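Q: Using only what follows, build the 3D model:
(one chain, ligands or ions: 2)
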Amino acid sequence: MMKVRRYLRGSGRVLAFVFIASVIWLLFDMAALRLSINDVNSQLLRERVNREKEIMMLKKQQQQHVWATQPKRRGFKHPVERVTRPGKIQQSPSIKLDEVYRNKPDPKLEIKPSDQRHGGHVVKNDSSKSSSNQNNGGSLLGKKAVNLDLNVAVANVTRKALKKELDESPPLARNPSDNQDSKTNEKVKVDVVKSGVKVSQPNGEEAHPVKTISQQTHVRDANGKKKEEEEEEGRPNAGPRWGNHSGAVRKPGVHKVLSLDATHAPRDPHAVGQFGQAVLLPGSRDAEVRRRWDEGHFNVYLSDQIPVDRAVPDTRPEMCSQSLVHDDLPTTTVIFCFVDEVWSTLLRSVHSVLNRSPPHLLKEIILVDDASTKDHLKEQLDEYMSQFPKVRIIRLKERQGLIRARLAGAAVAKGEVLTFLDSHIECNVGWLEPLLERVYLDRKKVPCPVIEVISDKDMSYLLVDNFQRGIFKWPLVFGWSPVPEDVIKKNNMKVTDPIRCPVMAGGLFSIDKKYFFELGAYDPGLDVWGGENMEISFKIWMCGGEIEIIPCSRVGHIFRGQNPYKFPKDRQKTVERNLARVAEVWLDEYKDLFYGHGYQHLLDKKVIDIGNLTEQIELRKRLKCKSFKWYLENVFPDMDTPVVKAEGLIFNRGLRKCLALQKDSLSFEICDLSKKNQQFNYTWMKNIRHHDLCVAAQNEGSGFALVPCDNSKRELRWFYKTSDSALTEHLISEFVGNHMCLEAEPRDDSLRLRPCQPSSVFQKWEFTHHYVR
Ligand code: UD2
Ligand code: MN
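A: Ligands and ions are numbered 1, 2, ... in the order given. Prediction:
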């Protein structure tokens, strides 16, 4: 202690003070340094986070760009996307989903005074005068529904037609009991005879006695002008509730496609499934969902909760709402055929057409009831549809199947264009005009909408990828595939351009009525379901027409896992038989590919009767249709379809010579590509063929023979594999049991059948060209 005191005395004290001070200074300095390091760190961190955010954003944008411009290859399934995917939904003026959800008014939906004139009368948009029953929720939704803001410069004739139609009915979903005035809708009776369809209309001309909702409530002033304010004040569900669309026109004779949508401000915006949104039902409903599933093979229970006139998001590519169509488009008859369709989906299908089609173009809707058995499709349906003068119901006495049911509808259609739709669809905004425009431009064009997906489980409306087209794979199996990249690049294709479509899906398309009948319509020998899409597709392309998918026309469809209705005969046999008819009439030498992909059994006439084809073959001749080879080369060139599996010389590895035809028998010669008698084909029917002669296995042990080719004969079939088989390069008879192989006999250069030996080189054969391994 004394020592310490001594140190702290005099100069020692100063030294100690300096020491302590520098320690304190150092401590402060370090703390400051640490603070500044933290600062720098956090600064760096912030920068990094920002940079990462930027990179993420960039990536996202790039992805979205790629997504929008280059569809992913997703194989054969219909590629779908949820509409809610950010950045994907490209909306035209009718619905803005996000705005709807934020309950914010969409300024673009406001009608400016200068926009309000149409055909001499003012279109109302005064929200204070909303109909009391139109409980629309938020400010946008509470906004007054606007009348159709007609394109000011639409040609007079169109305007008049439109006005007339609009003065009639804005079709809204209603309960039949609401309709005091409804009278029974006229029905056309159709007697169907076995061989085809005989149509009789006992009442002669069609008449629609029922007045429309708006006709009943229209109030006209002294000058005869419609007083829309009074009209809309005074009635529930005031309509028409058309979506707005801007009206500048660039050329005389054309107008911007009408984005009509009577559901753009739906009555109940909070309804289940509204705006095509997915619905997640509580687990407690599972049993009910399961119980009702089989009624339609989709979530019938849920469908019944969703409004039959729900809004769906406008999924068209942005440019679509700007595209121009002609003022004098042809009218159309929409034909729905159905068997035991679920009530709510059938109604939703019909409403979607009524609510989103320009009335002047929709001549009528024909519902062809293919002998349904369900009660709701009888009087209840008659009564409901009697509200809508444009809807006609045709009832088939016997089940005919969708092909002959469509023919029955077509036979009585009054529109210039037939538009076929399945009975569980929802047409999107602006769906009709782009289809009719294509027919208008060329009556031999057969346009199809993009078929979007309504989920069978949650009933949401899902988008599909761009640039998808319908194709087939062997044995005539329909599927979707993207347009090849090089075609998109070469043609500088935009997402809105029509897409050449080798095969249509079948359910949804428009066709000029006269042209449909010129083409011989459908082969009436096709039964119930399946294959008719192949038939009409080949017929259209090969006989001078074109099938297109029109990206600006979009229709949602419920794809079901199974057919929810019964087939009068076995389902598989029915479809196979239909396909065989198509193959026989249209595929020429390529029909081998159809049969060769698992349908050999159809060649046995004792097993299946595909019916008489004379008329169909005559029709093809009469129409001077092109060959299937032409179709493959010109319409579907990216389909790699060699007409034979292998061809050229057949080289025997042991003998080192080639098979040669001499008179009526086979022997071996030194291989010579130029010699015709050494040329053979190995066909899809597994025949070894030289012109009309085929190599036939004889009964076990007795060798082979050369006989006239006949696809139905099993003795002409030789199994051959170039790899992945113990018996690689062996020609194994499918006719003779116990694996008998074709073998070269070195002693006398002859040919015989011997038990197969994997290692025997005298049993190994090689063709000059192998197209399929
Ligand atoms: C697809 C087509 C469908 C048809 C079928 C092949 C789409 C969206 N759908 O199958 O239109 O081309 O391939 O044949 O491209 N129907 C009858 N009577 C019957 C059977 C069916 O009227 O005996 C009706 C049925 O109610 C429905 C329509 O025909 O409205 C099509 O049948 P589907 O929906 O079962 O066919 P889908 O979509 O599986
Ligand atoms: Mn369908």
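
Q: hang on, isn't Arg438 packed against Pro498?
A: Yes - the pair Arg438 and Pro498 qualifies as a contact (CB atoms under 8 Å) at a distance of 6.6 Å. To be clear about C-beta, it is placed using only N, CA and C from the backbone, and glycine gets the same treatment.

Q: so what sits against both of the two?
A: Listed as contacting both Arg438 and Pro498 by CB atoms under 8 Å, 6 or more residues apart in numbering are Pro447, Glu548, Ile550.

Q: what about the stretch 551-700 of the chain, any weak spots by pLDDT?
A: Scanning the stretch 551-700 of the chain for pLDDT under 70 picks out the ranges 700.

Q: for it, what spans make up the strands?
A: 646-652, 657-662, 665-669, 680-682, 688-690, 693-697 (DSSP state E, counting those that start in this stretch).

Q: same check, this time on the stretch 401-550 of the chain
A: Under DSSP E, counting those that start in this stretch, the stretch 401-550 of the chain gives strands at 417-421, 425-427, 445-454, 461-464, 468-473, 477-482, 499-500, 509-512, 546-558.

Q: can you check the stretch 201-350 of the chain too?
A: With DSSP E, counting those that start in this stretch as the criterion, the stretch 201-350 of the chain has strands at 254-256, 324-326, 332-338.

Q: Walk me through which strands the last one pairs with, and which way each runs.
A: Using DSSP bridges, the neighbouring strands of strand 332-338 in the sheet come out as strand 362-369 (parallel), strand 417-421 (parallel).

Q: Can you give me the neighbour number for Ile558?
A: Using other CB atoms under 10 Å, the number of residues around Ile558 comes to 23.

Q: residues in contact with it?
A: For Ile558, the contacting residues are Gly296, Phe298, Thr345, His424, Ile425, Val453, Ile454, Ser455, Asp456, taking CB under 8 Å, 6+ apart as the criterion.

Q: and the two most separated of these?
A: Spanning the widest gap among the contacts of Ile558 are Gly296 and Val453, at 15.5 Å by CB to CB.

Q: Those two: which is more packed in?
A: Neighbours were tallied for Gly296 and for Val453 using other CB under 10 Å; the higher tally belongs to Gly296 (23 against 18).

Q: pretty sure that one is touching Ser344, no?
A: No - with contacts defined as CB under 8 Å, Gly296 does not count as touching Ser344, sitting 9.2 Å away.

Q: where do the contact lists of the two overlap?
A: When contacts are counted by CB under 8 Å, 6+ apart, Gly296 and Ser344 have Ser303 as shared neighbours.

Q: Can you measure across stretch 708-726, start residue to end residue?
A: End-to-end span of stretch 708-726 (CA to CA, to the nearest Å): 31 Å.

Q: now do stretch 358-376
A: Across its full length, stretch 358-376 reaches 29 Å between end residues, using CA to CA.

Q: avg pLDDT for that stretch?
A: Here the mean pLDDT over stretch 358-376 is 98, rounded to a whole number.

Q: Check whether it comes near ligand 1.
A: Yes - looking at stretch 358-376 against ligand 1 by CB under 6 Å from any ligand atom, the contacts come from Asp370.

Q: in that stretch, what's buried?
A: Using 16 or more other CB atoms under 10 Å as the test for burial, stretch 358-376 gives 358-372, 374.

Q: Any idea what His557 is bridged to?
A: Using DSSP bridges, the bridge partners assigned to His557 are Ile425, Val453.

Q: can you tell me how far whichever residue of the stretch 551-700 of the chain sits closest to ligand 1 sits from Lys514?
A: Distances between the stretch 551-700 of the chain and ligand 1 by CB to the nearest ligand atom are smallest at His557, namely 4.5 Å. In this structure, His557 and Lys514 are 27 Å apart, going by CB to CB, to the nearest Å.

Q: Between these two, which is the more surrounded one?
A: Taking other CB under 10 Å, His557 and Lys514 do not tie; His557 has more neighbours (20 against 12).

Q: Between the two ends of stretch 699-719, how far is it?
A: Start-to-end, stretch 699-719 (CA to CA) is 17 Å.

Q: same check, this time on stretch 502-516
A: From the first residue to the last, stretch 502-516 extends over 18 Å; the measure is CA to CA.

Q: who in the chain is up against ligand 1?
A: Contact residues (CB under 6 Å from any ligand atom) of the chain with ligand 1: 337-339, 341, 370, 401-402, 405, 422-423, 451, 505-508, 528-530, 532-533, 557, 563, 565.

Q: By neighbour count, sort out the buried ones in those.
A: Among those, the ones that count as buried by 16+ other CB under 10 Å are 337-339, 341, 370, 401-402, 405, 422-423, 451, 505-508, 528-530, 532-533, 557, 565.

Q: Enumerate the positions of stretch 272-280 that are buried.
A: Applying a neighbour-count criterion of 16+ other CB under 10 Å, the buried positions in stretch 272-280 are Val272, Gly273, Gln274, Phe275, Gly276, Gln277, Ala278, Val279.

Q: For the first one, which non-adjacent residue is spatially closest?
A: Counting by CB to CB, 6 or more residues apart in numbering, Val272 lies nearest to Gln305, which is 4.5 Å off, once chain neighbours are set aside.

Q: TSV for the strands of the stretch 201-350 of the chain, including mean pLDDT?
A: What follows is these, written out as TSV (pLDDT from 0 to 100):
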stretch	mean pLDDT
strand 254-256	96
strand 324-326	97
strand 332-338	98
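
Q: so which of the ones you listed is the most packed in?
A: Relative to the other members of those, strand 332-338 carries the highest mean neighbour count by mean count of other CB atoms under 10 Å, namely a mean of 26.

Q: Turn the strands of the stretch 551-700 of the chain into JSON lines, columns for mean neighbour count.
A: JSON lines is the format used below for the strands of the stretch 551-700 of the chain (neighbours: other CB atoms under 10 Å):
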{"stretch": "strand 646-652", "mean neighbour count": "21"}
{"stretch": "strand 657-662", "mean neighbour count": "20"}
{"stretch": "strand 665-669", "mean neighbour count": "18"}
{"stretch": "strand 680-682", "mean neighbour count": "24"}
{"stretch": "strand 688-690", "mean neighbour count": "22"}
{"stretch": "strand 693-697", "mean neighbour count": "23"}
